[in-house]
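[1] sequence first, then the predicted structure:
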Amino acid sequence: MTLNRPVLIGLVAACGAASPIAMQILVPVLPYIRADFQTSIDRTQWLVTAFALALAGAMLVFGPLSDRFGRRRLLLGGLVVFTLGSAICWRARSLEILVAGRIVQAVGAGAATTI
């Protein structure tokens, strides 16, 4: 299946935007998350910190893997992992599960950002 140039550019731009959007969309709602889970600001900030650390690690891993196994397969796999992480976050009933979901999201976003 071949895609025309504008569609391909749009898809690549959307994949590249996944990480910044996932990072910045959370910041305004941190006070509400803290109140909902009745926890401290320090613990809530792990949502941002864990995402950034996992994203950095994933980017280091996905670069060499994409050279070895191909970019298309890893990009699609990364999008699946990102979607899985989003589902975990959506269903989270505790802050720890939410942080774990954010880490899974970051690993998936790392594929899209790197590739």
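    Happy to help now that I have it. Numbers count the residues shown, from 1 in each chain.

[2] list the buried ones in the helix or strand hosting Leu30?
    Assessed by DSSP states H and E, Leu30 sits inside helix 30-37. Using 16 or more other CB atoms under 10 Å as the test for burial, helix 30-37 gives 33-34, 37. Any C-beta I mention is one placed from the backbone N, CA and C, and that applies to glycine too.

[3] what's the closest of those residues to Leu8?
    Ile33 (36.2 Å; CB to CB).

[4] that closest one contacts Gln45, correct?
    No. Counting by CB atoms under 8 Å, Ile33 sits too far from Gln45 to count as a contact (10.3 Å).

[5] buried residues, stretch 4-17. List them.
    By 16+ other CB under 10 Å, the buried positions in stretch 4-17 come out as Cys15.

[6] using CSV, list the CA coordinates for that stretch.
    Output of stretch 4-17 as CSV, limited to C-alpha atoms (Å, rounded to 0.1, in the frame of the first residue of the first chain):
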residue,chain,number,x,y,z
ASN,A,4,0.4,9.9,-1.3
ARG,A,5,2.9,12.5,0.0
PRO,A,6,0.5,14.7,2.1
VAL,A,7,-1.0,11.8,3.9
LEU,A,8,2.5,10.4,4.7
ILE,A,9,3.7,13.8,5.9
GLY,A,10,0.6,14.1,8.1
LEU,A,11,1.1,10.6,9.6
VAL,A,12,4.8,11.3,10.4
ALA,A,13,3.9,14.6,11.9
ALA,A,14,1.2,13.0,14.1
CYS,A,15,3.7,10.3,15.3
GLY,A,16,6.3,13.0,16.1
ALA,A,17,3.7,15.0,18.0
